[in-house]
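1. heads up, no residue letters with this:
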Ligand code: KE4
C-alpha cells in the first residue's frame, strides 16, 4: 500500500505539531507505522492522501452514527451558513437542541451546551462540587473523561494507548482530589464510601466503557453506584459522551434504567461538529452562572453551525428509531462467531476485539491483551482497506452507512489474520 504522501505529510506536520497530530491516539504510536492523513470521507468510507480507500470503523471516534457527510446534516450546515457562523448571543436553535436532548434523556432537566466532551465533564464536576460543597471525586481505572486535570488519573483512551499512567503537569493537589477504583468493583466502591463518604462530591463513570476498550457494567455495580451515592449525598455522573445516542436514543441510562444526577454528552449530539453538553437535575443546574455561583462559559458554546448539525442528527434519530435495530444487526453480523482467542465485548454498534481469552470486565483484565498482536492485526486490516481504531484500548463503531458487503469484507479480512 502506497503511503508516501502520508509519510511526507507526517514529517512536515511533526515540525509544527507534537507527534504531527492534534490528538495523541491518532499517531499510531501503539500499533506502529505511518498514521494515515485523510483527504476525504463519505458514508462508511475514508480516503487517505495517497488515495487508499478504507471502510471506517472509527467514525471520528463516535460522532458519525450515520456515516460521513449524511445529506440531512450537510443540508443543515449549509442552511446555517446562510444566517452566520457565530453570534455570541442566544439563538432559538440552541433551545431546540436542548429540547431534543431532554426529549431523549428525561434526566436532563436542564442543560448547558459547551464545545467538547472535556468541557462537559470538567463543568459537570465543578457543578457537583459547588452543589455538594465537597471536593472528592471517584472515577474508575481505564475510564477516560477528556483531558480534565483532576480526571487524568489512571485514565483510558490515549493514556492507556501510550501507557501513560498519570500525566505530568497536573498538580498533586488536583490529583489527590480523585480516587480511582477498579471498574465493576462493588467492594472497592463500598470501601471508598466507608472511608470518605462525607467528602465525596461525585462518582463519574462511563456507563458503558469505550476507553479501555468496550466494557459493560455489572448490574450489581450499577445498583451499588445508585445506592451508595444516594446514601452518602454524592452525585452520580454518567459520562455519556460516547454512549449518548450511540447505544440507544436515551443513552446507557435508558438501556439500564438508571437515572443519574448529572450526565455529559458530546460526539453524536454535534453531528460531527465540535460540541459537548452537561446537565441533569434542575436544582443542581440552577447552581450554574449566571443564576448560581458555579461559573462556566464558552465563546462558541451553542454556535449555530454545531447546533444545526446536532439538531439534524437528533431529529433524524427521533424520526428513525428503527435505526438502532439496523445497527444491532450489522454489528452482530460483524462480531458474532469470530475466531477463538479473542474476547469480544459489544453493546449495540460499539465494540472491541480484545486479544486475550480473559473475560474483560475491568482495566486489569483489558491489559492482559496482547497489544503487539493487536498491532499486527490492525495493520493486516489496514492493508485490506479496513480502518479499526489504532489502539487495543478503544471502541470501534458501526454506522448506519455500513453495508452487509462492508461487514462481509471485514469478516473475511479478520478471518485471514487467524
Ligand atoms: P472530547 O473532549 O475529546 O470531545 O471528549 C472527551 C471524552 C469524554 N468522555 C468520553 C467517554 C470520551 O470517550 C471522550 C473522548 N473520547 C476519545 C476516544 N476514546 C476521543 C478521541 C481522542 O482523544 O482523540
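-> Looks like it came in fine. Please read all numbers here as calculations on a predicted model, not as lab measurements.

2. Tell me how far the residue nearest the centre of the chain lies from residue 376.
-> Residue closest to the mean C-alpha point of the chain, counted by C-alpha atoms, centre = their mean, is residue 242 at 2.9 Å. To residue 376, residue 242 is 26 Å away according to C-beta to C-beta, to the nearest Å. For the C-beta atoms, the positions are set from N, CA and C on the backbone; glycine is no exception.

3. Let me know the secondary structure of residue 139.
-> The local conformation at residue 139, judged by DSSP: H, G, I helix; E, B strand; the rest coil, is strand.

4. per the record, what domains does the protein have?
-> 4-69+321-417, 71-319 (automatic domain parsing).

5. Mean neighbour count, those domains: which tops it?
-> domain 71-319 (a mean of 20; mean count of other C-beta atoms under 10 Å).

6. Point out the residues in the stretch 201-350 of the chain that sit beside the ligand.
-> 206, 210-211, 239, 241-242, 266 (C-beta under 6 Å from any ligand atom).

7. May I see those arranged in a markdown table, with pLDDT as well?
-> A markdown table is the format used below for those (pLDDT from 0 to 100):
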| residue | pLDDT |
| --- | --- |
| 206 | 98 |
| 210 | 98 |
| 211 | 97 |
| 239 | 98 |
| 241 | 99 |
| 242 | 98 |
| 266 | 98 |
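
8. Could I get those residues in JSON lines, plus columns for distance to residue 276?
-> Shown next, in JSON lines, are these (distance: C-beta to C-beta, whole Å):
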{"residue": "206", "distance to residue 276": "15"}
{"residue": "210", "distance to residue 276": "16"}
{"residue": "211", "distance to residue 276": "16"}
{"residue": "239", "distance to residue 276": "11"}
{"residue": "241", "distance to residue 276": "7"}
{"residue": "242", "distance to residue 276": "12"}
{"residue": "266", "distance to residue 276": "4"}
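
9. Next step: those residues restricted to strands.
-> Those of these mapping onto strands are 239, 266, per DSSP state E.

10. Verify the stated contact: residue 61 with residue 272.
-> No - using C-beta atoms under 8 Å, residue 61 is not in contact with residue 272; the gap is 10.8 Å.

11. ok, whatever residue of the stretch 151-300 of the chain ends up closest to the ligand - contacts?
-> Nearest residue of the stretch 151-300 of the chain to the ligand: residue 241, at 3.5 Å (C-beta to the nearest ligand atom). For residue 241, the contacting residues are 62, 117, 120-121, 145-146, 264-267, 276, by C-beta atoms under 8 Å, 6 or more residues apart in numbering.

12. what do you get for residue 407?
-> 330, 333-334.

13. ok, so of those residues, who is nearest the ligand?
-> Closest to the ligand, out of all of those and judged by C-beta to the nearest ligand atom, is residue 334, at 19.3 Å.

14. dump the residue contacts of the closest one.
-> Counting by C-beta under 8 Å, 6+ apart, the residues that residue 334 touches are 351, 398, 407, 410-411.

15. Closest to residue 9 out of those residues?
-> Of all those, residue 9 sits closest to residue 410, with 26.5 Å by C-beta to C-beta.

16. Which strand or helix spans that closest one?
-> Element membership for residue 410, per DSSP states H and E: helix 404-417.

17. Distance from that helix to the middle of the chain?
-> 25 Å (C-alpha atoms, centre = their mean, to the nearest Å).

18. Noted, bye for now.
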